[in-house]
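Participant: test case, fold it:
(one chain, ligands or ions: 2)
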Amino acid sequence: MRTNWVKQLIKSGQPTVGSMLNSGSPLIAEIMAHAGFDWLIVDLEHSENSLANLQGMLQAISTTSTVPLVRLPTQEVVFIKRALDLGAYGLIVPQVESALEAAAVVKAARYPPHGSRSWGTPRGLLYGGPDYFTRSADEIMVVAMLETRAGVENARQIMGINGIDACFIGPNDLSISLGHPPEAAELNPEVEEAAQAIKHSALVEGKAAGIQTYTSIAANQRLQQGFTFVGLSTDIRYLSTAARTAAAEFQFLGRSRSET
Ligand code: 3PY
Ligand code: MG
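Facilitator: Ligands and ions are numbered 1, 2, ... in the order given. Below you'll find the predicted structure:
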């Protein structure tokens, strides 16, 4: 089976950087895959993506060696099996709040006798390889998003579940859950403390610590702090920033918008 080199890197404590795909466009997925990120998350939680376009998104990423991951919309088994059957090499599971939830996701992602996943994965066999049945548990990653107060409180037990490879902190939901607004340029000290506590739990349990960031400076800081699974912005944020910068530069050189 094709090696999940991101899983190998984070297992040995090496840093990786990825990004998130919210646009729902396979062309943009392909562009992002060629940009040089280690991994990309097709986001089914907050985006224009759906099970209907997931196959094209994963195929677009597969034109490169970037590792294709999927953020599930919920923890329901139907999404776990459909994402994996389409060739996802890892699941990003939103709002995990207990060890019980984490264990249920791992069980749904693995074939018997270690889990309850049912068979039927034409693209898993094509993208992964003919030994997919015996090797998939080794190659596929399961990443628990810890982004609520309960997630912080139960972080150690969640990260201790066999088959959970990493945590991924959602700074916006974590902020909201702790009573602070989202989209903060710098996290509120209480939220930052919670993020560091989650990271500590992951590392103590021998798992990788991950977090979403929105600037290269923030991503570098997180890598220096020991996070090894760092998300850097999203496709639509890159588009928005580049378009606004270009329009602002043009207006500066030419006429200002208010003159029209
Ligand atoms: C959050 O910040 O809550 C996220 O889920 C980031 O993707
Ligand atoms: Mg979130």
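Participant: what parts of the stretch 151-260 of the chain come near ligand 2?
Facilitator: 170, 173 (Cβ under 5 Å from the ion). C-beta: built from backbone N, CA, C; applies to glycine.
Participant: give the contact list for whichever residue of the stretch 101-250 of the chain sits closest to ligand 2.
Facilitator: Taking Cβ to the ion as the measure, the stretch 101-250 of the chain has residue 170 as its residue closest to ligand 2, at 3.1 Å. By Cβ atoms under 8 Å, 6 or more residues apart in numbering, residue 170 lies in contact with 94, 145-147, 212.
Participant: not counting sequence-adjacent ones, nearest residue to it?
Facilitator: residue 147 (3.5 Å; Cβ to Cβ, 6 or more residues apart in numbering).
Participant: then residue 204?
Facilitator: Nearest to residue 204 is residue 156, by Cβ to Cβ, 6+ apart, at 7.0 Å.
Participant: that neighbour - how many residues pack around it?
Facilitator: Using other Cβ atoms under 10 Å, the number of residues around residue 156 comes to 15.
Participant: heads up, I number from 32, so please use that
Facilitator: Happy to do that; since the first residue is 32 now, the last one works out to residue 187.
Participant: how about it, secondary structure?
Facilitator: Using DSSP: H, G, I helix; E, B strand; the rest coil as the criterion, the local structure at residue 187 reads helix.
Participant: pretty sure residue 70 sits against residue 37.
Facilitator: Yes: in this structure residue 70 lies within contact range of residue 37 using Cβ atoms under 8 Å: 4.9 Å.
Participant: overlap of the contact sets of these two?
Facilitator: Common neighbours of residue 70 and residue 37 (Cβ under 8 Å, 6+ apart) are 47, 49, 98, 121.
Participant: what's near enough to touch the third one?
Facilitator: Applying Cβ under 8 Å, 6+ apart to residue 98 gives the contacts 35-38, 49, 69-71, 120-121.
Participant: okay if I get those residues as TSV plus pLDDT and distance to residue 90?
Facilitator: Converted to TSV, these look like this (pLDDT from 0 to 100; distance: Cβ to Cβ, whole Å):
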residue	pLDDT	distance to residue 90
35	98	17
36	98	19
37	98	19
38	98	21
49	98	18
69	98	19
70	98	16
71	98	13
120	98	13
121	98	16
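Participant: for the residue nearest to residue 201, what are its contacts?
Facilitator: Applying Cβ under 8 Å, 6+ apart to residue 178 gives the contacts 125-126, 200-205, 208.
Participant: the nearest residue to residue 35 once chain neighbours are set aside: what's it in contact with?
Facilitator: The shortest distance from residue 35 to any non-neighbouring residue, by Cβ to Cβ, 6+ apart, is to residue 170 (4.3 Å). Residues counted as contacts of residue 170 (Cβ under 8 Å, 6+ apart) are 32-35, 38, 120, 159.
Participant: what's the most distant pair in those residues?
Facilitator: Spatially, the most separated pair among the contacts of residue 170 is 38 and 159, at 12.8 Å (Cβ to Cβ).
Participant: now the common contact residues for these two.
Facilitator: With Cβ under 8 Å, 6+ apart as the test, residue 38 and residue 159 both reach 120, 170.
Participant: ligand 1 contacts on this structure?
Facilitator: 178, 201-204, 243 (Cβ under 6 Å from any ligand atom).
Participant: could you pull up phi and psi at the residue in the stretch 82-231 of the chain positioned nearest to ligand 1?
Facilitator: Taking Cβ to the nearest ligand atom, ligand 1 has its nearest neighbour within the stretch 82-231 of the chain at residue 201, 2.6 Å off. When read as degrees, to the nearest 10, the backbone of residue 201 gives phi -100, psi 100.
Participant: tell me which helix or strand of the chain sits lowest on mean pLDDT?
Facilitator: Ranking every helix and strand in the chain by mean pLDDT, DSSP states H and E puts helix 266-284 at the bottom, with a mean of 89.
Participant: any buried residues in that helix, and which?
Facilitator: 266-267, 269 (16 or more other Cβ atoms under 10 Å).
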